[in-house]
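Colleague: Only the shape, not the letters, is given here:
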C-alpha cells in the first residue's frame with residue numbers, strides 16, 4: 001500500500017526525472033531467482049486478496065478516481081439525487097430540499113436576522129464563482145495537473161522505457177553480432193589456411209629452385225671436368241703425334257701432298 005501511495009504521489013516520477021538516462025540504462029537488473037521469488041510473493045498476495053472467497057460484486061475493489069464525482073447546484077453530489085429517484089422520482093430531491101428549507105424557516109430553526117443579507121450575498125457570490133469562474137479555473141487546474149503528471153510521471157516513465165528499449169535493442173544487436181563471430185572465425189580460419197598454403201607453396205618453390213641450382217652446379221662441374229679432360233687428352237695426343245714426326249717425314253709428307261695436288265689439278 002505504501003508503494004502504491006508512493007507511485008501516486010508523483011515522487012517516483014520526480015526521482016526518475018532527476019536521474020540521467022545513462023544511469024537509468026545502467027540500473028542493475030534482478031537475477032532470475034529474485035524475479036521468481038518476487039512473482040511467487042505476488043501470486044500469494046493475489047490469491048489471498050483476490051481469491052474465490054472475495055465478494056467483488058458487493059465489495060468491489062476500490063479504484064481511485066481521476067476526477068471528482070459529478071455534482072448538482074455546484075456542491076450537491078449527483079449520487080444523492082440518483083439514489084432518491086426510485087422512491088421519489090426526478091423531482092423528489094428538489095422537493096425535499098425545498099421542504100427542508102421551508103421547515104427550517106417555519107420552525108425558526110434557522111432564524112432570519114440582519115445577517116441573512118450576508119448569506120444571500122455569499123450565496124450569490126458563490127454561485128457566480130462556480131458558474132462563471134469555475135469552468136475556467138477548472139480548465140486551468142486540469143492543465144496544470146496534466147503538466148505536472150506528464151513532467152513527474154508520464155514523461156520520465158516514457159523516457160525510461162525508451163532508454164531500456166534502446167538498451168534491449170543494443171543487447172539484441174550485440175547478441176546478433178556475437179552469433180556472427182562463428183562465421184567470422186571460420187572465415188579467419190580459411191584465410192589462415194590460405195596463407196599457410198601460400199607460404200608452403202613459396203617454400204616448396206624455393207626448395208625446388210635450390211635443388212635445381214645445386215643439380216645444375218654439379219652438372220656444370222661434371223661437364224667442365226669432362227671437357228677439361230677431353231681437351232687435355234686431345235692436346236696431349238696432338239702434341240705427342242707432332243713430336244713423333246721427324247723432319248724427313250715432314251718433307252716427304254709435303255712432297256706427297258704437292259704431288260697429290262698436282263695430280264688432282266691435272267685430272
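Modeller: Everything's here; your move. Remember, predicted model here, so these are calculated numbers, not experimental data.
Colleague: Now do the helices in the stretch 51-200 of the chain.
Modeller: With DSSP state H, counting those that start in this stretch as the criterion, the stretch 51-200 of the chain has helices at 78-88, 92-106, 116-128, 134-149, 155-244.
Colleague: Among these, which comes closest to residue 42?
Modeller: Taking Cβ to Cβ, helix 155-244 is the member of the helices of the stretch 51-200 of the chain nearest to residue 42, at 20.2 Å. Any C-beta I mention is one placed from the backbone N, CA and C, and that applies to glycine too.
Colleague: which other residues reach the helix or strand that the closest one is followed by?
Modeller: Heading C-terminal from helix 155-244, the first helix or strand you meet, by DSSP states H and E, is helix 247-266. Helix 247-266 is contacted by residues residue 245 when judged by Cβ atoms under 8 Å, 6 or more residues apart in numbering.
Colleague: so how far is helix 247-266 off the chain centroid?
Modeller: 114 Å (Cα atoms, centre = their mean, to the nearest Å).
Colleague: between that helix and helix 155-244, what angle do the directions make?
Modeller: 100 degrees (axes from the mean of the first three to the mean of the last three Cα atoms, to 10 degrees).
Colleague: what's the average pLDDT for helix 247-266?
Modeller: For helix 247-266, the mean per-residue pLDDT is 79.
Colleague: same check, this time on stretch 128-139
Modeller: On average, stretch 128-139 scores 86.
Colleague: tell me how far the ends of that stretch are from each other?
Modeller: 17 Å (Cα to Cα, to the nearest Å).
Colleague: for stretch 238-256, same thing?
Modeller: 21 Å.
Colleague: chain center to it, what's the gap?
Modeller: With Cα atoms, centre = their mean, you get 110 Å for stretch 238-256.
Colleague: For it, buried residues please.
Modeller: Residues of stretch 238-256 include none that count as buried (16 or more other Cβ atoms under 10 Å).
Colleague: what residues are up against residue 68?
Modeller: The neighbourhood of residue 68, defined by Cβ under 8 Å, 6+ apart, contains no residues.
Colleague: 10 Å instead, please
Modeller: 77, 138 (Cβ atoms under 10 Å, 6 or more residues apart in numbering).
Colleague: how close does it sit to residue 144?
Modeller: For residue 68, the distance to residue 144 (Cβ to Cβ, to the nearest Å) stands at 16 Å.
Colleague: mean confidence for stretch 210-229?
Modeller: According to the model, stretch 210-229 has a mean pLDDT of 93.
Colleague: Out of the helices of the stretch 51-200 of the chain, which gets the lowest mean score?
Modeller: For the helices of the stretch 51-200 of the chain, mean pLDDT drops lowest on helix 116-128, to a mean of 84.
Colleague: For residue 35, find the nearest of the helices of the stretch 51-200 of the chain.
Modeller: Proximity to residue 35 (Cβ to Cβ) singles out helix 155-244 among the helices of the stretch 51-200 of the chain, at 15.3 Å.
Colleague: Just give me how far that closest one sits from the chain centre.
Modeller: On Cα atoms, centre = their mean, the centre of helix 155-244 falls 43 Å from that of its chain.
Colleague: quick one, what contacts residue 111?
Modeller: Residues near residue 111 by Cβ under 10 Å, 6+ apart: 104, 105.
Colleague: what's the pLDDT at it?
Modeller: 83.
Colleague: just the one 4 residues further on next, same as before
Modeller: Confidence per residue is given as pLDDT, and for residue 115 that number is 81.
Colleague: tell me the centre residue of the protein?
Modeller: Per Cα atoms, centre = their mean, the C-alpha nearest to the average position across the chain is that of residue 170, at 1.3 Å.
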